[in-house]
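>>> pasting the structure only:
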């Protein structure tokens, strides 16, 4: 749709969110606002899913075209094919080559989406009722295009960074993370990484911003394959030792098992600062948990909430199951995948050993089949990063609290941290907890986020690259 129409839509939606948040008068950037939405829609329409027909390279070409039109030089943008995908690195040279570069990070691929399960076609972007719908709307094609539009706006306004700015977009973050690892190794000389695939703000039920958190750590994603084998036989002569039954018993034990609740400095800071902003029952549980991570009542309350269960310790859940080879035969093999999100400080071997003890059945064989994940510690609490994030979000939402958090999932940040480069999840997008549909059906994101996000990113980049 033409710029004029999108400008009216964006400014109207922005006004409603700003009015609720009682923001200061942040500068307007209508060209960047319009470009971010238009580019996000075009990116969502490209099915950037691993496997046959993967259009991630086309997303990279789309982003490159926008950057070139926005003033980036052809020699400073590279698209590198890797298997069926690709990654993009764009450089904006700074005036002082002695300064380490500032990296802005995102990914172009998305998880699979079956159109038959959606109310709308997942790869046909739609703006409806104040939301942008489509696979990748929230994870994370709009965040990508916000970065691109903000950088182009900075160029349009004549900004000249002292520190080289690098925008990089990986091509398989949702699967093997092969490109993520390559990028981190190539950019090992970075000063810090601003990963817009992490962090973000919470809206209350009325759409009012509650707080913004930036992520300084994340859990490690590990997969274990469980296998039970058996000689099998005819189904008319069943035996006590059945591969499927035995594996099922192991899965029930794992499903019922709870890992020890834990805190670290970042999660303690999050619970402490977020508690006053939550509903009374959750707030009380957060305070009790900080005072005593072993408090059974607090742990039960937090585990019952999907927003918090992953923040208080390691979690493991069965995600895939396969067994048997014929309808009329006893199963010769049954397998399952257990996906674990490991709290920092534990190794995959430690967690696998703990699960083996839970199952306590030598017939169930465990194997670490993890692909695309490495251990990484927390990024340091950098005063310049904290100040820049706080200043940037307060340009639009001056009264919104800002504090650190630990991600329950995993992102490209792990690869940078593994290489010794500090990386932070700094998305400026606010959303209700009830509107989180990333990786699920009818994924959406409020388009009213666009104008304040452009303002935020321009401020953040300027402060950390001057």
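Here it is on my side, so go on. Since we're looking at a predicted model, the values are computed, not measured.
>>> For stretch 121-140, give the mean pLDDT please.
For stretch 121-140, the mean per-residue pLDDT is 96.
>>> Mind listing residues that contact that stretch?
Contacts of stretch 121-140 with the rest of the structure, by CB atoms under 8 Å, 6 or more residues apart in numbering, involve 9, 13, 16, 37, 40-41, 43-48, 106-107, 110-111, 113-115, 120, 142, 196-197, 427, 429, 431, 435-439, 442-448. Where you see a C-beta, it was placed from the backbone N, CA and C, and this is true even at glycine.
>>> What residues of the helix or strand where residue 244 lies count as buried?
Taking DSSP states H and E as the criterion, residue 244 maps to helix 243-256. Across helix 243-256, burial judged by 16 or more other CB atoms under 10 Å covers 243-244, 246-248, 250-251, 254.
>>> from the contacts of stretch 121-140, which would you call buried?
9, 13, 37, 40-41, 43-48, 106-107, 110-111, 113, 120, 142, 196-197, 427, 429, 431, 436-438, 442-448.
>>> Which stretches in the stretch 201-350 of the chain count as helices?
For the stretch 201-350 of the chain, applying DSSP state H, counting those that start in this stretch gives helices covering 243-256, 265-274, 280-291, 296-303, 348-359.
>>> Now mean pLDDT and distance to residue 31 too, for the ones you listed, in CSV please.
Below are these laid out as CSV (pLDDT from 0 to 100; distance: least, CB to CB, whole Å):
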stretch, mean pLDDT, distance to residue 31
helix 243-256, 98, 52
helix 265-274, 92, 36
helix 280-291, 97, 41
helix 296-303, 97, 44
helix 348-359, 97, 47
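>>> closest to residue 65 out of those?
helix 265-274 (38.5 Å; CB to CB).
>>> who's in contact with residue 366?
Residue 366 makes contacts with 224-226, 352, 355-356, as judged by CB under 8 Å, 6+ apart.
>>> Compare those residues and tell me which is most surrounded.
Counting neighbours by other CB atoms under 10 Å, the top entry in the contacts of residue 366 is residue 226, with 23 neighbours.
>>> Can you tell me the closest non-neighbouring residue to that residue?
Counting by CB to CB, 6 or more residues apart in numbering, residue 226 lies nearest to residue 336, which is 4.8 Å off, once chain neighbours are set aside.
>>> per-residue confidence for the one you found?
For residue 336, the model assigns a pLDDT of 98.
>>> Count the residues that sit near it.
Residues within reach of residue 336, counting by other CB under 10 Å, total 21.
>>> Likewise for the one 5 residues further on?
Using other CB under 10 Å, residue 341 has 21 other residues around it.
>>> residues contacting it?
219-222, 310, 314-316, 408-410.
>>> Out of these, which end up buried?
With burial judged by 16+ other CB under 10 Å, the buried subset of the contacts of residue 341 is 219-222, 310, 314-316, 408, 410.
>>> from the residues you listed, which ones fall inside strands?
220-222, 315-316 (DSSP state E).
>>> Go through those and name the one nearest residue 235.
Among these, and counting by CB to CB, the member closest to residue 235 is residue 316, at 31.8 Å.
>>> That closest one is in contact with residue 348, isn't it?
No. Using CB atoms under 8 Å, residue 316 makes no contact with residue 348, being 11.3 Å away.
>>> Please enumerate the shared neighbours of the two.
residue 340.
>>> which residues in the stretch 1-150 of the chain form strands?
Secondary structure of the stretch 1-150 of the chain (DSSP state E, counting those that start in this stretch): strands at 77-82, 85-92, 102-107, 126-128, 131-133.
>>> Pairing partners for the third one, with directions?
Spelled out, that is strand 102-107. Partner strands and pairing direction for strand 102-107 (DSSP bridges) are strand 165-170 (parallel), strand 192-195 (parallel).
>>> JSON lines for those strands, including mean neighbour count and distance to residue 397?
Formatted as JSON lines, the strands paired with strand 102-107 follow (neighbours: other CB atoms under 10 Å; distance: least, CB to CB, whole Å):
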{"stretch": "strand 165-170", "mean neighbour count": "26", "distance to residue 397": "25"}
{"stretch": "strand 192-195", "mean neighbour count": "26", "distance to residue 397": "19"}
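>>> Could you export these as CSV, including mean pLDDT and distance to residue 148?
Below are the strands paired with strand 102-107 laid out as CSV (pLDDT from 0 to 100; distance: least, CB to CB, whole Å):
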stretch, mean pLDDT, distance to residue 148
strand 165-170, 98, 7
strand 192-195, 98, 14
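>>> Right, I'll leave it there.
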